[in-house]
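> Fold the following.
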Amino acid sequence: MAIARFLQSCDLIVIARPTVAGFAHEAVLAAEVLDALALRDHGVYVDGTLGGAGHAAAILGGVTHASLIGIDRDPSALSASREVLAGFAGRARLVHGEYGDLARILAELGVAQVDGILLDLGVSSPQLDLPERGFSFSRPGPLDMRMDPTSGPTALDLLRDTFVDDLAYLLFTLGEERHSKKIARLIKEALDAGRLHTTIDLANVVAKAIPAIEQRKSKIHPATRTFQALRIAVNAEIAQLEQFLAGFPDLLAPGGRCAIISFHSLEDRLVKHRFRDLAWTTSLPPYLAPRAGERTLPVCELITRKALFATEAEIARNPRARSARLRVCERTSAPNIPSGNPPRP
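Residues are numbered from 1 along each chain as shown. Okay, the predicted model is just below:
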């Protein structure tokens, strides 16, 4: 494939792992993403989770005249990305924002539709590696976990302001944590006693709630699921993904593709079901059908019937890729049928 040959001819350290001022991040499934996007010369592409600009650099390097709109809520990521993409002669426009607001962002930039959209969901390696961001339990840091550290409540604010039953539900639904009730109770007790200040404090509290025999058998740290759930909640990641999935077809030109990499089963299910729904051919509801029995054309076509995973070689090089799942769909020329209830007569 053309993209695969391009990657083989380039220095993958530049393409896949841009390193700028402490923001080093290897783009997962880089070759698969480029093939999936079916890049067009002179096309306009969106990287809604810019991060360290690994995917963005590969896109701009793969086609001579393409342009890219890069979005990230993390100012540190944007600063690093500007340096990584500086050599692409002004073909990249970077925006501090959230991909869930893509329709508004494109409208403000005067762009009606684009030829491809990429999302790489979840937290990036630099965010995990910097203890001051509060994402990791490996070193002490503040209970922050905000992807945009300039706004919004922190993880500590969330823990303080959430009732114990609601906290247990949050840990169970977003972290799939079976011991959520006990963890929530111990967290609130630690807060009340003034013993919860750092990420290490939180990790230690969570570990007390997990049976020792289960910890010995598990391949992950006992606090992994709790930290994941809190991060997702603090950054409203599910709500943002749902907002994006509801409106992205209108932002794609016919033949344009949407590629989404997820690392969490809840996110992957949302993407899978939305892509599947858009690819169905169904009967029009009576309030939309000009003639009885008329059928809709699918709004999108599935490019990946099943999720794509990283190769063993990539996983050996970048263990973060192990849980990455890529799904892709392509916009058809069919009109987008509005969702929701039919209008009242």
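
> what separates residue 242 from residue 213, distance-wise?
Using CB to CB, to the nearest Å, one gets 38 Å for the distance from residue 242 to residue 213. C-beta: built from backbone N, CA, C; applies to glycine.

> So which of those two has more stuff around it?
residue 242 (14 against 8; other CB atoms under 10 Å).

> Now the more buried one. Nearest residue, chain neighbours left out?
Closest residue to residue 242 apart from its sequence neighbours, by CB to CB, 6 or more residues apart in numbering: residue 270 at 6.6 Å.

> That neighbour contacts residue 245, doesn't it?
Yes - with contact defined as CB atoms under 8 Å, residue 270 reaches residue 245; the gap is 6.4 Å.

> so where is the chain shaky, pLDDT-wise?
Filtered on pLDDT under 70, the chain yields the residue ranges 1-25, 281-296, 335-345.

> So which residue is smack in the middle of it?
residue 121 (1.5 Å; CA atoms, centre = their mean).

> Give me the phi and psi for the residue nearest to that one when sequence neighbours are not counted.
Distances taken as CB to CB, 6+ apart put residue 262 closest to residue 121, at 4.8 Å, once the chain neighbours are dropped. In terms of degrees, to the nearest 10, the main-chain angles of residue 262 are phi -120, psi 160.

> Please tell me I have it right and residue 262 contacts residue 268.
Yes - counting by CB under 8 Å, residue 268 is a contact partner of residue 262 at 4.3 Å.

> Out of these two, name the residue with the larger neighbour count.
Neighbours per residue (other CB under 10 Å) separate residue 262 from residue 268, with residue 262 holding more: 23 against 20.

> I'd like the next helix or strand past the top helix by length along the chain.
The residue-count maximum for a helix in the chain (DSSP state H) belongs to helix 265-279. Per DSSP states H and E, the first helix or strand lying C-terminal to helix 265-279 is strand 300-302.

> And that following strand, what does it pack against?
Here strand 300-302 touches helix 265-279, strand 325-331, going by 3 or more CB pairs under 8 Å, 6 or more residues apart in numbering; DSSP states H and E.

> C-alpha coordinates for the next helix or strand after that strand, PDB please?
Next helix or strand after strand 300-302 toward the C-terminus (DSSP H and E): helix 312-317. The C-alpha trace of helix 312-317 is given here as PDB (Å, rounded to 0.1, in the frame of the first residue of the first chain):
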ATOM      1  CA  GLU A 312       2.800  -8.100  17.900                       C
ATOM      2  CA  ALA A 313       5.700  -6.100  16.700                       C
ATOM      3  CA  GLU A 314       4.000  -2.800  17.600                       C
ATOM      4  CA  ILE A 315       3.000  -4.100  21.000                       C
ATOM      5  CA  ALA A 316       6.500  -5.200  21.700                       C
ATOM      6  CA  ARG A 317       7.700  -1.700  20.800                       C
END
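
> Give me the buried positions along helix 312-317.
Neighbour-count burial for helix 312-317, counted by 16 or more other CB atoms under 10 Å, picks out 314-315.

> starting at the chain centroid, how far to that helix?
Helix 312-317 sits 21 Å away from the centroid of its parent chain (CA atoms, centre = their mean, to the nearest Å).

> sorry, back to before: residues touching the residue nearest to residue 242, list them.
Each residue near residue 270 by CB atoms under 8 Å, 6 or more residues apart in numbering is listed here: 238, 241-242, 245.

> Tell me which residues touch residue 258, please.
Contacts of residue 258 (CB under 8 Å, 6+ apart): 116-119, 248, 252, 300, 328-331.

> In contact with the residue nearest to the centre of the chain, which residues?
Counting by CB under 8 Å, 6+ apart, residue 121 makes contact with 49, 237, 241, 260-264, 267.

> neighbours around the closest residue to residue 54 other than its chain neighbours, how many?
Distances taken as CB to CB, 6+ apart put residue 27 closest to residue 54, at 2.9 Å, once the chain neighbours are dropped. By the criterion of other CB under 10 Å, residue 27 has 28 neighbours.
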